[in-house]
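Trainee: predicted model and sequence below, questions to follow.
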Amino acid sequence: MGGSAETRKVLSILLAVVMLAVCSVISYDAADKPRFHAEIVRGNAGETVDVKLNIQNNPGITALSIDVSYSSDDLELISVNNAALFQDAISTGNVSSDPLRISWYAADSENKVDNGTLAILRFRVRDNAICSRINISYNPENVFDNTLQNQPFEITNGWVLVGDKKIGDAYSDNQISVRDVTSIQRQIVELEDLSAEELVLADTNGDGEINIADATHLQMYLAEYDVQLG
Ligand SMILES: [Ca+2]
Ligand SMILES: [Ca+2]
C-alpha cells in the first residue's frame, strides 16, 4: 500500500520527468519496416467479426510462423481463412489451439515479396465481452528467406473493440484526452483503481502491460505524433 502523500507527489514528479525524457528520445521512423499487422475492428456481443492479419513492407521471405492469442473469455475463434496472399496456402492446425499457429512456406523455395492479407480470423464476440486485444507474436527463428537468413518484423496487435469503446479511454467518458493520460498515471502510482475494461483500454501501446510507456504513448498520440493506439 502506497506510502505518504508526499511520496506519491515525488513519484508523480519523477514520472513526469521520465516521460519528458522518453518523449524527447523516441523517434518514430518505423513506418516502412517489415510488419505483421492485425486489424482493429468493432463488434457487439453475439456478432461475428473478421480480423485481417496483414503483411507490410515484406523484405522477401520463404517461410513464416506466427502465433495468435486472444482472450477466450471475450472471443471465440470460429475460423481462419487463407487469404491467398501467396501461391502456397497457410496452415493453422486446430482452430481451438491457444495460441493459434499460422504457418506458411514457399514450396518452390523462392523469396516472396507480396504484401497484403495473409489470413482472416473470424471471431464470435461472446456475451459480456470487453474489448479484447489480438496478440501477434513469432519466434524470430521461424521467419526467414531462401538463404535461411532470419527476417525481423515489427508487430501491430489487433483489437476487437466492443460497442463504441476507444483504445486509450482509460477515463471512460468516450473521448480520448489528457484526462486519460492522468488516469493511467494515477493507476500506475496506485491512486486510481481502474475497472477491468478500463485497464484493457489503458494499454495504449498494446504490449499487454500497463506502465508509464502507455501514458507516454497516449501523450504522443494527443500531440499528433504518428503513433497508433493499441
Ligand atoms: Ca476518456
Ligand atoms: Ca502497455
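Mentor: The structure has been received and is ready for your questions. Ligands and ions are numbered 1, 2, ... in the order given.

Trainee: phi, psi of the residue most central in space within the chain?
Mentor: Taking C-alpha atoms, centre = their mean, the centroid of the chain lies closest to Asn157, which sits 2.5 Å from it. Backbone torsions for Asn157, taken as degrees, to the nearest 10, come to phi -70, psi 160.

Trainee: again with Thr216
Mentor: phi -60, psi -40.

Trainee: residues near it, how many?
Mentor: When neighbours are counted by other C-beta atoms under 10 Å, Thr216 registers 24. C-beta here means a position set from N, CA and C on the backbone, and glycine is covered the same way.

Trainee: report pLDDT for it.
Mentor: pLDDT, Thr216: 97.

Trainee: repeat for Ala129
Mentor: On the pLDDT scale, Ala129 gets 89.

Trainee: can you check His37 too?
Mentor: Reported pLDDT for His37: 95.

Trainee: same thing with Ile78?
Mentor: Taking Ile78 on its own, its pLDDT is 95.

Trainee: which residues sit in contact with it?
Mentor: Contacts for Ile78 (C-beta atoms under 8 Å, 6 or more residues apart in numbering) come out as 48, 95, 122-124.

Trainee: would you point out the most distant pair within these?
Mentor: Thr48 and Val95 (13.7 Å; C-beta to C-beta).

Trainee: return the residues of the protein in contact with ligand 2.
Mentor: Residues of the chain lying near ligand 2 by C-beta under 5 Å from the ion: 203, 205, 207, 209, 214.

Trainee: using PDB, list the CA coordinates for stretch 128-137.
Mentor: Extracted in PDB, the C-alpha atoms of stretch 128-137 (Å, rounded to 0.1, in the frame of the first residue of the first chain):
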ATOM      1  CA  ASN A 128     -20.300  -9.700 -21.700                       C
ATOM      2  CA  ALA A 129     -17.200  -9.400 -23.800                       C
ATOM      3  CA  ILE A 130     -14.900  -6.500 -23.000                       C
ATOM      4  CA  CYS A 131     -12.600  -5.000 -25.500                       C
ATOM      5  CA  SER A 132     -10.000  -7.600 -26.400                       C
ATOM      6  CA  ARG A 133      -6.600  -7.500 -28.000                       C
ATOM      7  CA  ILE A 134      -5.500 -10.000 -30.600                       C
ATOM      8  CA  ASN A 135      -1.900 -10.700 -29.700                       C
ATOM      9  CA  ILE A 136       0.600 -11.400 -32.500                       C
ATOM     10  CA  SER A 137       4.000 -12.900 -31.800                       C
END
